[in-house]
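Asker: Can you look at this prediction? I've put the sequence above it.
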Amino acid sequence: MDIGARIAAAQLTGSARSKRQVIAGPLAGMLHDDDAWYLSGVLAADPGQPFDPDEIPWAIETIRQAFAAEGRWVHAEFVDEANPGLAEALAAQGMTIVSHLPLLVVEPDELIVPSLPAGTTVQVVSSPEEQAVANAVAAEAYEMESADFAFKPDAADGGAVIVYVDDVPAATAAWTAVADEVSEVAGVGTIHSHRRRGLGAIATAYATQNAFNLGAATLAWLTPGDDGADRVYRRLGYAPRATAVHLGDPGGHLADLR
């Protein structure tokens, strides 16, 4: 299985652990009980396998009806190399392709962990109280009212790190539940007062390292938010191996998919 299909298959496996599935031809609608828009979405049902274009109209209509019944907005994330043309086929049915992002990956022996500057420490979140600290850092970094990520006592279910500078929690990053030995590193954020010090890189590297060492992942991946982040991640050993495609129905959170 090539690396794009491997990541897409792991996304499907991991998502199915906490979400209800609506399978419609080549599409898998993943419905979460929480109605936050980003928790429910659409993945490819058969990563690495060709799809029948004739199935697309009824498949997306089935997904739309299932999502509408629960007040969910239809948006999708695919790995382009795993299912070439699937995003374009859905665009022909009214969805909007928002972005094509490089999908960067790293394996354990490729990861470069930066040295820590004086006064800087990194802590793996190990309690609900520490998770609340990580959530506060993420909320400030992303200018959100709050972040509600739950503490996961088993590292295979995901986890997070906090970077402290002189005992001030300044940056955080997380890894997702490991599925098929694959984990996504996400939620990288640094509070405004401590930016441009390399703390996001440190958080990313340590989250990745813990996904490997504690979560038993053998492959980590992420998608950079911009060119600056892309350069940072590549300096840690991440390299582009596939393309993530984000798309959604008009009228929803399209700007948030970039």
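Answerer: Received, thanks.
Asker: And the nearest residue to residue 35 once chain neighbours are set aside, how far from residue 31?
Answerer: Counting by CB to CB, 6 or more residues apart in numbering, residue 71 is the residue found nearest to residue 35 once chain neighbours are left out, at 6.1 Å. Every residue, glycine included, has its C-beta placed from N, CA and C. Going from residue 71 to residue 31 by CB to CB, to the nearest Å gives 11 Å.
Asker: circling back to that earlier point, phi, psi for the residue nearest to residue 35 please.
Answerer: phi 70, psi 30 (degrees, to the nearest 10).
Asker: Have a look at residue 71 and residue 31 and say which one is more surrounded.
Answerer: Between residue 71 and residue 31, residue 31 has the larger neighbour count (other CB atoms under 10 Å), namely 18 against 9.
Asker: Any idea what that one is bridged to?
Answerer: residue 20 (DSSP bridges).
Asker: hey, C-alpha coordinates of stretch 171-186 in CSV?
Answerer: Only the C-alpha atoms of stretch 171-186 are listed here, as CSV (Å, rounded to 0.1, in the frame of the first residue of the first chain):
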residue,chain,number,x,y,z
ALA,A,171,3.2,26.3,23.2
THR,A,172,1.5,23.0,22.6
ALA,A,173,1.0,20.3,20.0
ALA,A,174,-0.9,17.0,19.9
TRP,A,175,-0.9,13.7,18.2
THR,A,176,-4.1,11.9,17.2
ALA,A,177,-5.2,8.3,18.1
VAL,A,178,-2.9,5.8,16.4
ALA,A,179,-4.5,3.7,13.8
ASP,A,180,-2.7,1.2,11.7
GLU,A,181,0.5,2.6,13.2
VAL,A,182,-0.2,6.0,11.8
SER,A,183,-0.9,9.3,13.7
GLU,A,184,-1.6,12.9,12.7
VAL,A,185,0.3,15.7,14.5
ALA,A,186,-2.1,18.6,14.8
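Asker: can you pull out the strands in the stretch 151-258 of the chain?
Answerer: 158-165, 168-176, 182-190, 219-222, 239-248 (DSSP state E, counting those that start in this stretch).
Asker: The shortest one: partners in the sheet, and parallel or antiparallel?
Answerer: Sheet partners assigned to strand 219-222 using DSSP bridges are listed as strand 96-106 (antiparallel), strand 182-190 (parallel).
Asker: what about the helices in the stretch 1-150 of the chain?
Answerer: Under the criterion DSSP state H, counting those that start in this stretch, the stretch 1-150 of the chain contains helices at 3-16, 56-69, 86-91, 128-141.
Asker: who wins for proximity to residue 111 among those helices?
Answerer: helix 3-16 (16.0 Å; CB to CB).
Asker: how's the chain carved up into domains?
Answerer: Domain assignment for the chain, taken from automatic domain parsing, gives 3-103+242-257, 108-217.
Asker: Kindly present those as a markdown table, with separate columns for distance to residue 226.
Answerer: As requested, the domains of the chain are arranged in a markdown table below (distance: least, CB to CB, whole Å):
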| stretch | distance to residue 226 |
| --- | --- |
| domain 3-103+242-257 | 10 |
| domain 108-217 | 12 |
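Asker: about what we covered before: include mean neighbour count when you put the strands of the stretch 151-258 of the chain into CSV, please.
Answerer: Output for the strands of the stretch 151-258 of the chain, formatted as CSV (neighbours: other CB atoms under 10 Å):
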stretch, mean neighbour count
strand 158-165, 24
strand 168-176, 25
strand 182-190, 24
strand 219-222, 26
strand 239-248, 20
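Asker: Please name whichever of the ones you listed is nearest to residue 137.
Answerer: Evaluated over the strands of the stretch 151-258 of the chain, closeness to residue 137 peaks at strand 168-176, with 4.5 Å, by CB to CB.
Asker: Which other helices and strands does the closest one contact?
Answerer: Judged by 3 or more CB pairs under 8 Å, 6 or more residues apart in numbering; DSSP states H and E, the packing partners of strand 168-176 are helix 128-141, strand 158-165, strand 182-190, helix 199-213.
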